[in-house]
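Generate coordinates for the sequence data below:
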Amino acid sequence: MSDETSNNSSCYIDNKDNIYTKIIKLTQDGIPFTHSPFAQIASYLGISEDEVINIIKEMENKGIIRRFGASIGHRAIGITANAMCIWNVPDEKVEEVGAIMAGFSEVTHCYERPRYPDWPYNLFTMVHSYSKRDCEYVAEEISKATGITDYKLLFSEHEFKKTGVRL
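From the prediction side, this is the model:
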């Protein structure tokens, strides 16, 4: 929660959309890593911590927010190798193969993309690990699990920006 909002003792909630917006704004930059992470937000809003949690669940159920979870600074814990694995998967097997690929814990993103005349790759996975060799090993294991052998690894060289959407 930002310092700007955390110093206020309470605020007035006049409707459901307003409380949704306030909770999104108060949580989008992170919440405290404590036993009661929503207590400060609840105090600011003048509601109970359970109400804050229930409203967040309600927003997830309504599709207002898709995910509420922790984001780990992977570089800070030593995960410095990142590879975009590009796969040439038969179109009729994309769903099946994509589900297998997405099941690997090292895979954080798995997307189907269109093919182009000079670009046969249609499935993209992002693999994170401790070394380039580890990423290569994960790709080899994915290849064995799926039977897809036409793939390449594109390693990240520099991270330019990493931020989420802000209100």
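
and stretch 136-143, which residues are buried?
Neighbour-count burial for stretch 136-143 flags 136, 138-139, 142-143 (criterion: 16 or more other Cβ atoms under 10 Å). For every residue, glycine as well, the C-beta is placed using N, CA and C.

oh, I was asking about stretch 55-74
Residues of stretch 55-74 classed as buried by neighbour count (16+ other Cβ under 10 Å): 55-56, 59, 65, 74.

Run through the residues that contact Ala145.
100, 104 (Cβ atoms under 8 Å, 6 or more residues apart in numbering).

how distant is the host helix or strand of it from the center of its chain?
Secondary structure here is read from DSSP states H and E; on that basis Ala145 sits in helix 132-146. Here the centre of helix 132-146 is set off from its chain's centre by 21 Å, with Cα atoms, centre = their mean, to the nearest Å.

Downstream of that helix, the next helix or strand is which one?
Counting by DSSP H and E, the element after helix 132-146 in chain order, helix or strand, is strand 151-155.

for that following strand, packing partners?
strand 81-87, helix 132-146 (3 or more Cβ pairs under 8 Å, 6 or more residues apart in numbering; DSSP states H and E).

Which one of those lies nearest to Asn122?
With Cβ to Cβ, the closest approach to Asn122 among the helices and strands packed on strand 151-155 belongs to strand 81-87: 7.3 Å.

now that closest one and strand 151-155, what's the angle there?
Regarding strand 81-87 and strand 151-155, their directions subtend 150 degrees when assessed with axes from the mean of the first three to the mean of the last three Cα atoms, to 10 degrees.

can you give me the mean pLDDT across strand 81-87?
Per-residue pLDDT values over strand 81-87 give a mean of 95.

Paired strands for that strand, with orientation please.
Taking DSSP bridges as the criterion, strand 81-87 pairs within the sheet with strand 123-129 (antiparallel), strand 151-155 (antiparallel).

circling back to that earlier point, how about the buried residues of stretch 136-143 in TSV, adding distance to His109?
Listed next are the buried residues of stretch 136-143 as TSV, based on distance: Cβ to Cβ, whole Å:
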residue	distance to His109
Glu136	18
Val138	13
Ala139	14
Ile142	13
Ser143	18
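
With respect to Trp119, which of those is nearest?
Of all those, Trp119 sits closest to Ala139, with 18.4 Å by Cβ to Cβ.

Name all residues that make contact with the residue nearest to the closest one when sequence neighbours are not counted.
Leaving aside its sequence neighbours, Ala139 sits nearest to Cys85 (Cβ to Cβ, 6 or more residues apart in numbering; 5.1 Å). Going by Cβ under 8 Å, 6+ apart, Cys85 touches 124-127, 135, 139, 142, 151-154.
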